[in-house]
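Colleague: Provided below for reference: sequence and predicted model.
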Amino acid sequence: MSVLIGKEITKALKAGSIRIEPLDSSQIGPGSIDLTLGNDFRVFKKQKKTYHVKNHSDFQDITKAVHVEEGGYIVIRPGEMVLGITKEKITLADNISGRLEGRSRFARFGLAVHVTAGFMHPGISNHQVLEIVNLGYAPLALYPGTRICQFIFEKCTGRAKYKGRFVKQVKP
């Protein structure tokens, strides 16, 4: 696989093999596209009982949905994790995959924007859920609309289409 650079990303957008809605051209960088934080989150419930993680486990059992209005923010305390989602919906052709990464400007605050599961399969067409953790020592306020992460595109050898559990996700 090879990483698409800015002009190749722009060509793929024009050809329709990458679709991002909404997208401002200023989000396109030299090797990725910046994605913005949406308004919907899932916050982990405080509990003392052990939750057993198995193949059929559902993260919604231990989280609650939170919506942040425009201009508002959500606070993440040191050591806490929340699930967020991108405002943008990403649709990839069956020969393009990608990786979701945080941005170094926020990592310097101790903010890990996408902890695990950073690989995005070819053929996805959904909003991306962000596993956001505050690894620092100060509470951090996150604002919807912030360019919080970046998506790196890779050209695949062969073709495939994602058909997994989160194929149509629009909420975290």
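Modeller: Good, I have the coordinates. Quick caveat: nothing in here was measured; it's all calculated off a predicted structure.
Colleague: now the lengthiest strand in the chain: mean pLDDT?
Modeller: Longest strand in the chain, counting residues (DSSP state E): strand 81-92. For strand 81-92, mean pLDDT is 96.
Colleague: cool, stretch 30-42 as well?
Modeller: 97.
Colleague: the protein: strands as residue ranges?
Modeller: For the chain, applying DSSP E gives strands covering 2-3, 18-21, 33-36, 40-44, 63-67, 74-76, 81-92, 96-102, 111-112, 119-120, 125-134, 140-142, 147-155.
Colleague: now tabulate those strands in TSV and tack on distance to Ser57.
Modeller: Yep, even glycine has a C-beta here, placed from its N, CA and C like the rest. Listed next are the strands of the chain as TSV, based on distance: least, CB to CB, whole Å:
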stretch	distance to Ser57
strand 2-3	34
strand 18-21	31
strand 33-36	27
strand 40-44	14
strand 63-67	12
strand 74-76	23
strand 81-92	15
strand 96-102	22
strand 111-112	22
strand 119-120	21
strand 125-134	15
strand 140-142	26
strand 147-155	25
